[in-house]
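Asker: Give me coordinates for this.
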Amino acid sequence: MIMKIRQTGSEPVRLSPGWEGTGRPDDELNFKGVTMDQADLELNPPKDRLNIVFYILVLHGIGALMPWNMFITAKDYFVSYKLSKEYTGIDTNYATNFLAYLGFASQVPNLIFNWLNVFLQFGGNLTTRIVWSIFMLVLIFVFTVVLAMTDSSGWPGVFFWITMVSVVILNIANGIYQNSVFGMAAKLPIKYTGAVVLGSNISGTLTAVINFLAQIVAPNARTAAIYYFITALFVLLACFDTYFALPINRFYRYHELIHQKEANKRQLENSSRGNQRPPYWTVFKGCFPQCFNTFLVFFVTLALFPSVQSDITYSDKDFIIPNEYYSSVMCFLTFNITAMLGSTIASFVQWPSKKYLVIPVVLRLAYIPLFLLCNYQPARTTRILPILINDDRIYWVIAITMGLSSGYLSSLSMMYCPRMVDSQHASTAGMFGAASLITGIFTGILFSMVMPSLVASVTF
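Answerer: So this is what the prediction gives:
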């Protein structure tokens, strides 16, 4: 055994244990499998200089929700151009039912594959899943651009169903991608999961701005759609490139090393017990409170936005927002900007704690009757429920707080989720959180379909 001899002045000689006496495994004592770079990382834990890793995860949050936002925001391209009577020369139901079919084709595969990805882990590790899912997303958007350049006026039915099939494939890949990104962020400190949620909220605002600019710059709907979808390609390619830049970053390598060492340690323990699979039920029970919070936040949000919120019309003709821009400003811009601000605030302030977060989350259910009591006028529906909130300013305040609370509380629940379990299971808990997010979106969209019947059939 190597011993150190210390002697100071007239003090007696003291013997202190060397490296072998620290109780470390033999492999570490012999430096087996430990590179100089890894040793340096552990001795000098790096910081995220210039917040590079944080902004990369924000970008991946944007990319994870970009496919959904792109197709929803491109409603005018599909409904008013490609499937319109003016373009096709025939009157069909494809344009009328487009958004309903799109929502179903988008969210069902996204929901299924988000949950399956937790247990089956398609394609192996996170890197394989992220790379191949982004690659599929890029291919689908290239195909969508080609469709936009093609004259489909003679076959609207074929165009409609090709679009639906491409949306299904797109969201299968996107479900795996989104779930894996949250699993990747769960290995890092808590604010990096918040960065993904922040990017998801920025995605809606960015998509709306891109669509608006494309319409201004392009001379017609066909060219605008080409510009619009090509922009999505650049965002996804940026996600692809930056993912491969992460291993170069010392901060990311350090946390990957710590996570891997913890995982290897637990794997050895599990191997000795004959159990090599993550204890899914134990992990789910541990993170369930935050999965519930995530689900309920997105359920309330998607039950109201955009279906109910976009059908709330002005009450005062002299209101500061003109009628022609009322829905765009009071619904889409207001929600996307405030949700983005809420997520940003969550990166700096985490309150309430994990234990009490459920209180404001449950209180958000009050937004459903509040929005219905505003001047909500769904199409092809005779409203019976009295309008009790008949002031545009009060409605705007309600809409602003709804967006802020959605961004803030969803970020907190997703940030807390991986911290509810042991560190070696953080990635799995992050995937459970992402699957709960998609479940909330899906059920919220389904519930939004009954809103018109509520105001048409409920009386005092």
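
Asker: which residue sits closest to residue 160 in space, ignoring its chain neighbours?
Answerer: residue 94 (4.5 Å; C-beta to C-beta, 6 or more residues apart in numbering). Every C-beta, even on glycine, is put in place using the N, C-alpha and C of the backbone.

Asker: since we're on the one you found, how many residues are nearby?
Answerer: Per other C-beta atoms under 10 Å, the neighbour tally for residue 94 reads 21.

Asker: and residue 307, helix, strand or coil?
Answerer: Following DSSP: H, G, I helix; E, B strand; the rest coil, residue 307 is assigned to coil.

Asker: how about low-confidence regions in the stretch 251-400 of the chain?
Answerer: 263, 266-267, 269-277 (pLDDT under 70).

Asker: What about the residue nearest to residue 451 when sequence neighbours are not counted? Give its phi and psi, please.
Answerer: In space, and not counting its chain neighbours, residue 451 is closest to residue 308: 5.2 Å by C-beta to C-beta, 6+ apart. For residue 308, the backbone dihedrals (degrees, to the nearest 10) come out as phi -80, psi -50.

Asker: now swap in residue 316 and tell me
Answerer: Backbone torsions for residue 316, taken as degrees, to the nearest 10, come to phi -120, psi 120.

Asker: residues near the nearest residue to it once chain neighbours are set aside, how many?
Answerer: In space, and not counting its chain neighbours, residue 316 is closest to residue 392: 5.4 Å by C-beta to C-beta, 6+ apart. Under the neighbour criterion other C-beta under 10 Å, residue 392 is assigned a count of 21.

Asker: Residue 392 touches residue 312, doesn't it?
Answerer: No - look at residue 392 against residue 312 with C-beta atoms under 8 Å: they stay out of range, at 9.3 Å.

Asker: so what's in contact with the two at the same time?
Answerer: Shared contacts of residue 392 and residue 312, defined by C-beta atoms under 8 Å, 6 or more residues apart in numbering, are found at residue 330.

Asker: what about the residue nearest to residue 451, neighbour count?
Answerer: Residue 308 has 22 neighbours, counted by other C-beta under 10 Å.

Asker: How much space separates it from residue 448?
Answerer: Here residue 308 is placed at a distance of 6 Å from residue 448 (C-beta to C-beta, to the nearest Å).

Asker: swap in residue 199?
Answerer: For residue 199, the distance to residue 448 - C-beta to C-beta - is 24 Å.

Asker: So which of those two has more stuff around it?
Answerer: For residue 199 versus residue 448, the count of surrounding residues by other C-beta under 10 Å is larger for residue 199: 26 against 20.

Asker: Just to confirm, what's the three-state secondary structure of that one?
Answerer: helix.

Asker: ditto for residue 93
Answerer: Classification of residue 93 by three-state DSSP places it in coil.

Asker: ok, residue 325 - contacts?
Answerer: Residue 325 neighbours (C-beta under 8 Å, 6+ apart): none.

Asker: ok, 10 Å please
Answerer: residue 333 (C-beta atoms under 10 Å, 6 or more residues apart in numbering).

Asker: Also residue 427?
Answerer: Residues near residue 427 by C-beta under 10 Å, 6+ apart: 126, 180, 182-187, 259, 263, 278, 283, 418, 421.

Asker: what do you get for residue 220?
Answerer: Neighbouring residues of residue 220 by C-beta under 10 Å, 6+ apart: residue 81.

Asker: Which pLDDT value belongs to it?
Answerer: The model reports residue 220 with a pLDDT of 80.

Asker: Got phi/psi on residue 390?
Answerer: According to degrees, to the nearest 10, residue 390 has phi -110, psi 30.

Asker: Surely it touches residue 376?
Answerer: No - look at residue 390 against residue 376 with C-beta atoms under 10 Å: they stay out of range, at 11.4 Å.

Asker: Quickly note the distance from residue 170 to residue 214.
Answerer: Here the criterion is C-beta to C-beta. By it, residue 170 lies 19 Å from residue 214.

Asker: Residue 139 too?
Answerer: Per C-beta to C-beta, residue 139 is found 21 Å from residue 214.

Asker: Among those two, which residue is more densely surrounded?
Answerer: Set residue 139 next to residue 214 and count neighbours by other C-beta under 10 Å: residue 214 wins out with 21 against 14.

Asker: so who does the more buried one touch?
Answerer: Contacts of residue 214 by C-beta under 10 Å, 6+ apart are 74, 77, 221, 223-231.

Asker: for the helix or strand hosting it, which positions count as buried?
Answerer: In this assignment (DSSP states H and E), residue 214 forms part of helix 190-217. For helix 190-217, the buried set under the neighbour-count rule, 16 or more other C-beta atoms under 10 Å, comprises 190-208, 210-212, 214-215.

Asker: Tell me the helix or strand right after it.
Answerer: helix 221-245.

Asker: Tell me where the chain has strands.
Answerer: For the chain, the strands defined by DSSP state E cover 3-6, 14-17.

Asker: Stretch 182-189: which residues count as buried?
Answerer: By 16+ other C-beta under 10 Å, the buried positions in stretch 182-189 come out as 182-188.

Asker: dump the residue contacts of the closest residue in space to residue 77 that isn't next to it in sequence.
Answerer: Leaving aside its chain neighbours, residue 77 sits nearest to residue 225 (4.5 Å; criterion: C-beta to C-beta, 6+ apart). Applying C-beta under 10 Å, 6+ apart to residue 225 gives the contacts 74, 76-78, 81-82, 144-145, 147-149, 211, 214-215, 218.

Asker: mind showing which ranges of the stretch 1-150 of the chain have poor pLDDT?
Answerer: 1-44, 96-97, 121-124.

Asker: can you do 50?
Answerer: For the stretch 1-150 of the chain, applying pLDDT under 50 flags the ranges 1-11, 13-24, 26-31.

Asker: name the helices or strands packed onto the biggest helix by length in the chain?
Answerer: Ranked by residue count, the top helix of the chain under DSSP state H comes out as helix 156-185. Applying 3 or more C-beta pairs under 10 Å, 6 or more residues apart in numbering; DSSP states H and E, one finds that helix 156-185 contacts helix 52-73, helix 85-88, helix 98-120, helix 126-149, helix 190-217, helix 221-245, helix 392-416, helix 426-448.
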